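>>> prediction below, plus the sequence it came from.
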Amino acid sequence: MLSTVEKEQIEHEIRQVPVKKAACIEALKIVQEHRRWVSDEGIQDVADILEMSPAEVDSVATFYNLIFRQPVGRHIILLCDSISCYVMGLNALHEELVSILGIKYGQTTEDGRFTLLPNPCLGTCDHAPALMVDHDLYRDLRPESIANILEKYT
Amino acid sequence: MNIYIDNKKYEIKEGKNLLEACLQLGLNLPYFCWHPALGSVGACRQCAIKLYKDEDDTKGRLVMGCMEPVRENVRISLEDSDAKGFREQVIGWLMTNHPHDCAVCDEGGSCHLQDMTVMAGHNYRDYRFTKRTYNNQDLGPFLNHEMNRCIQCYRCVRYYKDYAGGKDLDVFAAHNHVYFGRCGDGKLESEFSGNLAEVCPTGVFTDKTLQSHYTRKWDLTYAPSICQGCSLGCNVSAGERYGTLRQIANRYNGEVNGYFLCDRGRYGYEFVNSQQRIYEPAIRPHSNGTVNKEHIIEVVAEKIKKGKVIGIGSPRASLESNFALKQLVGTDNFYLGMSDSDHDHTGLALKILKEGPVRTPSLHEMEQADAVLILGEDITNTAPLMALAVRQAARQQPIHDTEQQLHLAPWQDAPMREAIQDKKGPLFILNTFPTKLDELATAIHRGAPDNLARIAFALAAKLGADITPVSDLHEDEKELVTRMADALMAAKSSLIIAGYGSGCDHFMKAAANISWALQQQGRTPMLSLTLPECNSLGLEILGGHRLDSAIDVVKQGEADTIIILENDLYRRADEHVIDEMFKHAKEVILVDHLYNQTAEKATVILPAGTFAEADGTLVNNEGRAQRFFQVFVPKGSVQESWRWFLQIADKAIIPRLNGLQNLDDIIWAMCVAVPFLEKVQQIAPHADFRINGQKIPRESHRYSGRTANLAKENVSEPKPSDDIDTPLSFTMEGYRGEPPAPLIPYFWSPGWNSVQSVNKYQTEIGGHLHGGDPGLRLLEPHVNGKPHYFREAPDHFVPIPGHVQVMPMYNIFGSEELSMYTKGIAQSSQDFFCMYMNPEDMHQWGVSPGIWVSFDVDHHTYQMVAVPNHWLPRGIAALNAGLPKSKIIDLPQCIRLCGSESLHIAR
Amino acid sequence: MERPLTQHITFPPLGLRQYEAVGGYQAARKAIRHMQPQEVTALVKDSNMKGRGGAGFSTGMKWSFVPMNVQGPKYLICNADEMEPGTFKDRWLLEGNPHQLIEGMIVAAYAIQATESFVFMRWAYKVAAEEIRKAIQEAYDAGYLGKNILGTGYSLEMHLHTGVGRYMCGEETALLNSLEGKRATPRSKPPFPQVSGLFGKPTIVNNVETLCYIPHIVNKGADWFQKLSLTADGGTKIYGVSGHVKNPGAWELPMGITLRELIEEHAGGMQDGYRFRGVLPGGASTDFLVEEHMDIQLDFAGVAAAGSRLGTGTMIVLDDQTCPVGFVHNLEHFFAQESCGFCTPCREGLPWTEKLLWAIEQGRGRMEDLELLESQTRLLGPGNTFCALAPGAMEPLQSALKYFREDFERHIKEEGCPYNHHHHHLHSTGHEHLHR
């Protein structure tokens, strides 16, 4: 069941577009913002409010890599794995993350704190290598700085 | 216009794309994502060709044939080495993930991917890494799912979602993880899901019923046949091996079913293999085992000579069998084995189509309609493929607009859909219940059938029909009438649909009035009427008495011997009525193929051939007479019903049938006796037809194992059976070229083993078969005749206290008798026999939901569970029609509520 | 030297009043009040400005294809889905001067008589999204957006849409599908979006940098724009450099400066201990340029003549410590992951290419793999695939095979990577598909 707030936010998005279906991605974003990921039930809820079929919504949801269809941790680490970061020391950064967190790409730490994901270019190539934790961008990184950054997120 | 392919000049019609053009010219250009019914999207990149600017351009550029329109003097090459190399590599790419499992794949031998792989010349694999794998889903009883084989051509979703309006199949994920399936396991919801098996170019979606008795296409014995599932008469290819029917495949007919079938039609064949089949004659109660065929013919002949005989025909039996029975018992003693309500509807439809000035369209013509009005008919359930046609029609108007505005051709599927978005042409639906087509409708109106029919009569009056005006419409109803009138008048070619499904014949009358009025206004409307069964119209044309008069005749002792043709009479009238008739009859002689409730009462049983074991002719709701051919020689003493009758007539010395031996004879006799049916003689070549002195083989030239099939019984190969009735042979021997369209057992062409070979049989891709589509129309309108309008609208429906007017509710799965022998269809059916009632009625008459309620029907009390349904207006109830063991058959009828258990408890 | 695009960039950016104080929204006032829509289009056409998104098509020409006499809505869309690896120029403009973009969009929308406009921004640009959101609100409050703008009767709505990933969204027709709430698969052209775009209506999609230029052209004219440049392609251009250079960054410079000037002067040359081996001049989907190209002019024609594309003008430098095979493998992994999965060559060809490169990088390569890779670069070329993603992916690969062939061969002969670095094992993202 969608919460009243989610419903209101989705209804607001529906009003911005000429057909309900066009609010599909916005609706998925809203559900994810509130629940961190979109469950099968979330897909059904979005389908209901947009008068779509669950399959149609899931078809969209599973296309985009930043809609999470599996549970994720409290914080998402997006490590830029594109070319400038690759040249500027991505490997060392990745190894440091793996050794601190003990997880691979796509996994969540046992305490549910972090999910580690690779992400194509974060658009800050002149300050490579870079990563994002939730909404925060970190640039010009060295492996040594990783531990400090992660500490901020509980 | 002229086009040049590899420097050779060809002529081709405008409006096509280059892939279609090449295929039409008989050239082999491989493709996957393009489908003649679905158009082009350019996803698979398989149909790459070279396109040159002009005669001097030697370099050219690679384009996709399916994406380029035919233009005057366009120069292309299929043979260019770049194009060939690229086409080969496309297969190479697909093979990086496609498993090498052809040997164990159901699609093997009829696989478009196999054919295209050979055609593109991709012989060796360069890819040495692991292949991507997926988990499969359980899609229900009709289809297998094997995603590892997927080549991501997107045809399945384009067909299922875009074309057929399905909601539960989609494409998930991205890049080379794309997955085609449902959100999770579960039966596919669309009534047209089975077509996925043919739309899919490889073995992802395959026929699950075929798998349960799997045989390769080349090992099946096929015959051209006609679906027995409803009145539309879709063309099918029926395939047999080892004496069992194993597959129904689509048989393309450009006018009728095109490329698709419904799931009832595709899967409803299992009754042919049923445990309930009757294989030997029986005289009862004395013998339940085998009776010598000669002997039983003598016995029946004797009984006929002695008795006062009547014959009861069947709307699910061929014209030939019905005619033979009619001749055997004499015209005056022949009764139509339809329920009286079916008879009324069919008779009315025949009158409207025969005498009225408006043409009834083929399914293909319906797809082109640019405004549709559906009156009281849930066509998804009563005439499924018509619903598929209406789905296409609903897009016609926006397609026409877009064609003009953006200069797009209809085959440019993706841009067309992007430009059209959710726009739809006019579609109006007046129906008591919601229907699946509602989602496309411009406007929907609900109510009691009579009240809806009044709106339709008002519409006819508005359009100028000379009828008694309908007063007392609500404001919103008046406004609806105006909207509908405007839309129908504005349309180039409107389509009015009505039928038998609501049990209310005023809909057909109103539909006739509306279409006639439009025609008088100078418009060119089409009128289509659904009918109950595969040969309802044929039987009505042959003519006979009503079933209720047969019952009277027997009860009054004017007849004592009843010959019943392929008919379970317990499905034609309420149980107590039929019981009563049988009680009065001395002999009940049944010619049928399944042991049913009527068979239990029969004194003599003769085993009849099903459609797969018999030849015959059916007339569909369009008045199109179509021939179905015997697929295989049946077990035991099974033979065509008409042949039983001819043999009995021979013994009983009935001059009317004297000397008739085979199919051509009986058709000839029928056409002499009923001149209206004269064209039936021309719908397929006669038995003596030969090409180069050869018959048309039912089996492929690769048919294997015939020397071994019966070796366990006898090592010497038996002589193949002769077919004395048709130009088809039961073996692989015969003419290997293209047969005339009505005689095509299955589609095959060198290099084209899958059903996609149909391209090679068409005069134009997606058009008619060579020599014209099979079947001949018997009914053409009296274009210059003045319409005789049905003047009176029904009265406003008024509920009778303590009573409900019960209307039928038809279901694609469950309402049709024979298809229910298929396990998957029975599983899919709404087989809970209950009475749907208006919730307020239930409250007022003290009927509690889910409790047994008693109803008085013609002084017989029946009990049923009542289920509230808020769509039902006050005073109206509904029953799922046609379910096995239904007690109340004759619908609609008014029945009295006599109490429920809850009432008893209260007392 | 004039730097019209970046002269007013500040962090945080100018608010609406401050932007007005430096001459902001004068172009919007001028265009809407005093120019016919067609005049605006003609002016932009005269300036000969080529789109800054990567393809380099004339902006004014693009606008002129919009039918002006049709009923119903029309759309203007700003493509701010900057996702080309190595590219970071639009972020600068979005974060540093959001009103400049909004003004450009208003003028562009007016020129095509659009009724609605969208900024389609990638998910990762959190700061930019906030600034744009604020600026749109300010523009509404000041009457530059909404009904009856500046009392002229012209109305325009503007929305910000932030994406949920996928490089494909940067392709203009895939972007339209995404804005319609659908999967971001590309559409076939024709019909072009100018005629049948968002929701089937006439639509223009322009890049951030392109739109930011519009106010300046309206204010100062086509000739002025032409004269900013050193070559026939007018204007200034934002160039960027990343990799092991001393001073990575982005600069607004006259169109047509040389590659040498950019790398040696503005980017400060190579870091100590690193030698220049090559550069992707316009993002991940452009061919390598190498030492011999150092003196070419960086405009659309100049880079094309050297066998590559100006693309986004943001360069990634390959140095001598980085393995070219690993470098290209990283790119092909990206492209394979970001293929939408619609057409066969891209969906199947890119993962195959990636696997071949990985095998070579890991010492499992075979000499014939190089022929296979070469054939893929030809077969995945322009026109063979549905959109430009795969042909773009082949550009760095084909040029790497040409310029760094000895590196590929050494990997194969020595059965391993001769560069002393750890392999970063790239994974598919794991979360994106169902539990199947």
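Looks like it arrived, so ask away. None of the values given here were measured: they were computed from a predicted structure.
>>> quick one, what contacts the most far-flung residue of chain A relative to its centre?
Here chain A reaches farthest from its C-alpha mean at residue A:18, the gap being 27.5 Å by C-alpha atoms, centre = their mean. Counting by C-beta atoms under 8 Å, 6 or more residues apart in numbering or on different chains, residue A:18 makes contact with C:73, C:199. For every residue, glycine as well, the C-beta is placed using N, CA and C.
>>> with the one 10 residues further on instead?
Residues in contact with residue A:28 (C-beta under 8 Å, 6+ apart) are A:38, A:42, A:46, A:57, A:60-61, A:64, A:67, C:164.
>>> which residues does the closest residue in space to residue C:84 that isn't next to it in sequence bridge with?
With C-beta to C-beta, 6 or more residues apart in numbering or on different chains as the criterion, residue C:84 has its nearest non-adjacent residue at 3.7 Å, and that residue is residue C:283. For residue C:283, the beta-bridge partners are residue C:281 (DSSP bridges).
>>> how many residues are close by the spatially closest residue to residue B:743 that is not a sequence neighbour?
Leaving aside its sequence neighbours, residue B:743 sits nearest to residue B:696 (C-beta to C-beta, 6+ apart; 5.1 Å). Neighbour count of residue B:696, defined by other C-beta atoms under 10 Å in any protein chain shown: 26.
>>> wait, residue B:696 touches residue B:742, no?
No - in this structure, residue B:696 is not within contact of residue B:742 by C-beta atoms under 8 Å, at 10.3 Å.
>>> distance check, residue C:314 against chain A.
Remark: distance between residue C:314 and chain A (C-beta to the nearest C-beta, to the nearest Å) = 7 Å.
>>> state the distance from that residue to residue C:251.
According to C-beta to C-beta, to the nearest Å, residue C:314 stands 11 Å off from residue C:251.
>>> equivalent analysis for residue B:625, please.
From residue B:625 to residue C:251 the distance is 81 Å (C-beta to C-beta).
>>> quick one, strands of the stretch 51-200 of chain C?
C:75-80, C:116-121, C:157-162 (DSSP state E, counting those that start in this stretch).
>>> how about chain A?
Secondary structure of chain A, counting by DSSP state E: strands at A:75-80, A:114-119, A:131-133, A:136-138.
>>> could you dump the first one to PDB, C-alpha only?
This points to strand A:75-80. The C-alpha coordinates for strand A:75-80 follow below in PDB (Å, rounded to 0.1, in the frame of the first residue of the first chain):
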ATOM      1  CA  HIS A  75      23.600   3.900   2.100                       C
ATOM      2  CA  ILE A  76      24.400   3.400  -1.500                       C
ATOM      3  CA  ILE A  77      28.000   3.700  -2.600                       C
ATOM      4  CA  LEU A  78      28.300   4.400  -6.300                       C
ATOM      5  CA  LEU A  79      31.800   4.000  -7.400                       C
ATOM      6  CA  CYS A  80      32.500   5.500 -10.800                       C
END
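>>> show me how chain A divides into domains.
A:4-61, A:75-151 (automatic domain parsing).
>>> center of chain C, which residue is that?
residue C:53 (3.7 Å).
>>> next, residue B:299: phi, psi?
The phi and psi values for residue B:299, taken as degrees, to the nearest 10, are phi -60, psi -50.
>>> against residue B:253, how distant is it?
Counting by C-beta to C-beta, the gap from residue B:299 to residue B:253 is 42 Å.
>>> more neighbours: which of the two?
Just comparing residue B:299 and residue B:253: by other C-beta under 10 Å the higher neighbour count belongs to residue B:253, 28 against 18.
>>> isn't that one right up against residue B:232?
No - using C-beta under 8 Å, residue B:253 makes no contact with residue B:232, being 10.7 Å away.
>>> list residues touching both of the two?
Counting by C-beta under 8 Å, 6+ apart, nothing touches both residue B:253 and residue B:232.
>>> quick one on the thing from earlier: so what's the residue count around the residue nearest to residue C:84?
The burial count for residue C:283: 29, using other C-beta under 10 Å.
>>> what is the neighbour count of residue 44?
I'll assume chain A. Quick note: residue A:44 (other C-beta under 10 Å) scores 16 neighbours.
>>> wrong chain, I was asking about chain B
Using other C-beta under 10 Å, residue B:44 has 29 neighbouring residues.
>>> ok, so what distance separates it from chain A?
For residue B:44 relative to chain A (C-beta to the nearest C-beta), the value is 19 Å.
>>> cool, and residue C:82?
For residue C:82 relative to chain A (C-beta to the nearest C-beta), the value is 5 Å.
>>> mind listing what residue B:557 touches?
residue B:584.
>>> now residue 143. Nearest residue, chain neighbours left out?
Let's take chain A. Residue A:143 sits nearest to residue A:96 (C-beta to C-beta, 6+ apart), 3.8 Å away.
>>> actually it's chain B I care about, not the one you picked
residue B:205 (5.1 Å).
>>> now do the helices in the stretch 201-350 of chain C.
C:208-227, C:259-260, C:300-305, C:324-338, C:344, C:350-361 (DSSP state H, counting those that start in this stretch).
>>> residue B:883 touches residue B:813, doesn't it?
No - using C-beta under 8 Å, residue B:883 makes no contact with residue B:813, being 10.4 Å away.
>>> you'd agree residue B:640 is up against residue B:317?
No - judged on C-beta under 8 Å, residue B:640 makes no contact with residue B:317 at a distance of 9.7 Å.
>>> contact partners for the spatially most central residue of chain A?
In chain A, the centroid-proximal residue (C-alpha atoms, centre = their mean) is residue A:66; its distance is 4.5 Å. Counting by C-beta under 8 Å, 6+ apart, residue A:66 makes contact with C:123, C:163-165.
>>> and the residues you listed as TSV, adding neighbour count, distance to chain B and pLDDT?
Below are the contacts of residue A:66 laid out as TSV (neighbours: other C-beta atoms under 10 Å in any protein chain shown; distance: C-beta to the nearest C-beta, whole Å; pLDDT from 0 to 100):
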residue	neighbour count	distance to chain B	pLDDT
C:123	22	15	92
C:163	24	14	94
C:164	22	12	95
C:165	24	10	94
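>>> what is the burial count for the closest residue to chain C within chain A?
Residue of chain A nearest chain C, by C-beta to the nearest C-beta: residue A:106 (2.4 Å). The tally of other residues near residue A:106 (other C-beta under 10 Å) stands at 17.
>>> again with residue B:29
Neighbours of residue B:29 (other C-beta under 10 Å): 26.
>>> just want the most central residue of chain B.
The centre of chain B sits closest to residue B:234, judged by C-alpha atoms, centre = their mean, with a distance of 4.2 Å.
>>> quick one: it and residue B:257 touch, right?
Yes - Residue B:234 lies in contact with residue B:257 (C-beta under 8 Å); the separation is 3.8 Å.
>>> where along the stretch 301-436 of chain C do the strands fall?
Using DSSP E, counting those that start in this stretch, strands in the stretch 301-436 of chain C cover C:314-319.
>>> pLDDT weak spots in it?
C:420-436 (pLDDT under 70).
>>> swap in the stretch 701-850 of chain B?
Counting by pLDDT under 70, the stretch 701-850 of chain B has low-confidence residues at B:830-831.
>>> strands along that one, start to end?
Under DSSP E, counting those that start in this stretch, the stretch 701-850 of chain B gives strands at B:728-729, B:776-777, B:803-809, B:834-837.
>>> figure out which of those strands is closest to residue B:341.
strand B:803-809 (8.3 Å; C-beta to C-beta).
>>> what's the local residue count around residue B:56?
For residue B:56, the count of nearby residues is 6 (other C-beta under 10 Å).
>>> now do it against residue B:78, distance only.
20 Å.
>>> on that earlier part again, for the contacts of residue A:28, which one is nearest residue B:581?
residue A:57 (56.6 Å).
>>> is it true that the closest one touches residue A:49?
No - look at residue A:57 against residue A:49 with C-beta under 8 Å: they stay out of range, at 9.9 Å.
>>> quick one, which of those two is more surrounded?
Taking other C-beta under 10 Å, residue A:57 and residue A:49 do not tie; residue A:57 has more neighbours (28 against 19).
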